[in-house]
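Chemist: below are the sequence and a predicted model for it; my questions follow.
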Amino acid sequence: MPMLDDLMPWGVRPLRTGRSWVLAPDPETLRARWDRLVTTRGTERDALFGCTRGRTPRTAVGQLPGQRTATGRFAQEDGRCPEPVRILHGPFDQQWLIPDHRLIDSARPELWRVADERQVFVLEQPGPQQNRGPAVLVSGLLPDGHAPTGRPGRIRPFYRRPGGVEPNLAPGLLGALERQYGQEVAPEDALAWVTAASEHSPTGCAVPLPADPALWSLGIDIGRRLMEIQLRGVHGRQRPRLPGGRRPYVRTALPPWPDALAYDRAQETLEVGTGRISPVPVSAWEFRQGGVRVLDLWFDNRTSPVAPGTLDALRPTSWPQEWTSELLALITVLSLLSEVGADRDDFLRELAGGDLIEVPEVLPVPAEARRPASVLDHCEEGPEGQFALL
């Protein structure tokens, strides 16, 4: 079977922040952490900053592409916090990040250059042999590629240039698929197929290709449904919704700070401290990625104890209403993915029992397809306000 690394050859390693405090579930927390940091000086600032080999307050570094942040050394910083941006943290958790290159060890600027309202990121997912979840996920938000367990896979932008230009596909792949299936194959069809058909293998993410054109069309349909749910309404897309009567609602108000998450199977009720949310299907509660229950991970990311005196300890003193709304949205996403997942399981069994093809005429891909495209249509400020003439 072809590997995803061959069909979508340009992949980027996950972001490495180097310090957890630059990421938070709400933007107000990030602004409070920034203000605390810039009002301290000397060794105390270093301690709060969390120095690493990649970053200290004295590291000189350029702007992240597309962001208007200062490039002077952070040791002299006394201005306002840059506007936080929404990113995807891990497989399903939408959080906020301070987009300041001086604070992030490895921000992967090549990803920021192509992140726009047309971009779709494909995320390879690691996982154990059981309960490992889909092999790939898609996101309209810039993902950090964090994996709750296992070694994180690569992040593969579907478009190599801003504006939805130049799909990240092996040269000649679309033509080979059109000859095989006797129909036009759009770049987005290939993306939908990858979303539906990718599977874990000992050597990475494999993408089986069927000999049957009808099975190819079925996979594209399922992939489009999965993508519509996972993209979660970003960049003007329609937000996923459950039919009336099945939508989760808060039945009992959540406490000021929930201390535990539990589930009542008989009542299909999610217990958030003393609060109650229902209906929550068992499939949403049991939805796992990489062997980890997604709802548990989401809750732990907001309530786990942190070391006192650190910037991580600066967080809301009471449960924000926005978090409740985000939890309801996540339950909706997991419920819908479980429904489409049942159709996908039937599709994968049929795919495994049928004949497969190879695409040898487009492999191996040329080396330049594995490198980012040249994107030099805007200025990027370098360290200490410098610019380079190329």
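Modeler: Done, it's in.

Chemist: how close does residue 305 get to residue 36?
Modeler: 19 Å (Cβ to Cβ, to the nearest Å). Quick note: C-beta positions are derived from backbone N, CA and C, even for glycine.

Chemist: neighbour count: the two, which is higher?
Modeler: When residue 305 and residue 36 are compared for neighbours, residue 36 comes out ahead with 15 against 7, by other Cβ atoms under 10 Å.

Chemist: so that one sits in a helix?
Modeler: Yes. Under DSSP: H, G, I helix; E, B strand; the rest coil, residue 36 falls within a helix.

Chemist: so what's it up against?
Modeler: 48, 311, 314 (Cβ atoms under 8 Å, 6 or more residues apart in numbering).

Chemist: 10 Å - rerun?
Modeler: Residue 36 makes contact with 21, 45, 48, 311, 313, 314 under the criterion Cβ atoms under 10 Å, 6 or more residues apart in numbering.

Chemist: please pull up the helix or strand immediately following the helix or strand hosting residue 276.
Modeler: Per DSSP states H and E, residue 276 falls inside strand 275-278. From strand 275-278 onward toward the C-terminus, using DSSP H and E, the following helix or strand is helix 282-285.

Chemist: pretty sure residue 26 sits against residue 95.
Modeler: Yes. Contact between residue 26 and residue 95 holds when scored by Cβ atoms under 10 Å: they sit 8.4 Å apart.

Chemist: on that earlier part again, what's the farthest-apart pair in the contacts of residue 36?
Modeler: Using Cβ to Cβ, the pair of the contacts of residue 36 lying farthest apart is 45 and 313, separated by 16.2 Å.

Chemist: out of these two, which sits in the busier spot?
Modeler: A count of neighbours by other Cβ under 10 Å puts residue 45 above the other of residue 45 and residue 313, at 19 against 13.

Chemist: higher neighbour count, residue 26 and residue 95?
Modeler: Using other Cβ under 10 Å as the criterion, residue 26 and residue 95 rank with residue 95 on top: 23 against 18.

Chemist: looking at this, the more buried one is in a strand?
Modeler: Yes. With three-state DSSP as the criterion, residue 95 is part of a strand.

Chemist: next up, the contacts around the residue nearest to it when sequence neighbours are not counted.
Modeler: Leaving aside its sequence neighbours, residue 95 sits nearest to residue 89 (Cβ to Cβ, 6 or more residues apart in numbering; 4.3 Å). Neighbour list for residue 89: 15, 17, 23-25, 95-97, 141, 143-146, 297-298, 301 [criterion: Cβ under 10 Å, 6+ apart].

Chemist: contacts only, for residue 249.
Modeler: 276, 277, 278, 279, 328.

Chemist: quick revisit: which residues do residue 26 and residue 95 both contact?
Modeler: 84, 302, 326.

Chemist: surely the last one is in a strand?
Modeler: No. Using three-state DSSP, the secondary structure at residue 326 is helix, not a strand.

Chemist: mind checking which of the contacts of residue 89 are in strands?
Modeler: The strands, defined by DSSP state E, take in 23, 24, 95, 96, 97 from those.

Chemist: which one (most neighbours) among those?
Modeler: residue 24 (26 neighbours).

Chemist: ok, and the closest non-adjacent residue to that residue?
Modeler: Nearest to residue 24 is residue 30, by Cβ to Cβ, 6+ apart, at 5.0 Å.

Chemist: next, the angle from the helix or strand hosting that neighbour to strand 93-97.
Modeler: Under the criterion of DSSP H and E, residue 30 resides in helix 27-38. Using axes from the mean of the first three to the mean of the last three Cα atoms, to 10 degrees, the inter-axis angle of helix 27-38 relative to strand 93-97 is 30 degrees.

Chemist: and stretch 257-277, how far from the chain's centre?
Modeler: Remark: stretch 257-277 is offset 26 Å from the chain centroid, using Cα atoms, centre = their mean, to the nearest Å.

Chemist: that one: end-to-end distance?
Modeler: Stretch 257-277 has an end-to-end distance of 15 Å (criterion: Cα to Cα, to the nearest Å).

Chemist: cool, and stretch 299-312?
Modeler: Termini of stretch 299-312 sit 16 Å apart (Cα to Cα).

Chemist: can I get stretch 237-253 in CSV, CA atoms only?
Modeler: These are the backbone C-alpha positions of stretch 237-253, laid out as CSV (Å, rounded to 0.1, in the frame of the first residue of the first chain):
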residue,chain,number,x,y,z
ARG,A,237,-17.8,26.6,7.4
GLN,A,238,-21.0,25.3,8.9
ARG,A,239,-20.8,24.2,12.5
PRO,A,240,-21.7,20.6,13.1
ARG,A,241,-25.1,20.2,14.9
LEU,A,242,-27.1,17.2,16.1
PRO,A,243,-30.8,16.9,15.3
GLY,A,244,-33.2,18.4,17.8
GLY,A,245,-33.9,16.2,20.8
ARG,A,246,-30.4,14.8,20.6
ARG,A,247,-28.5,18.0,21.3
PRO,A,248,-26.7,18.1,24.7
TYR,A,249,-27.9,20.7,27.2
VAL,A,250,-26.9,21.8,30.6
ARG,A,251,-29.6,20.2,32.9
THR,A,252,-28.0,21.2,36.2
ALA,A,253,-25.7,24.3,36.4
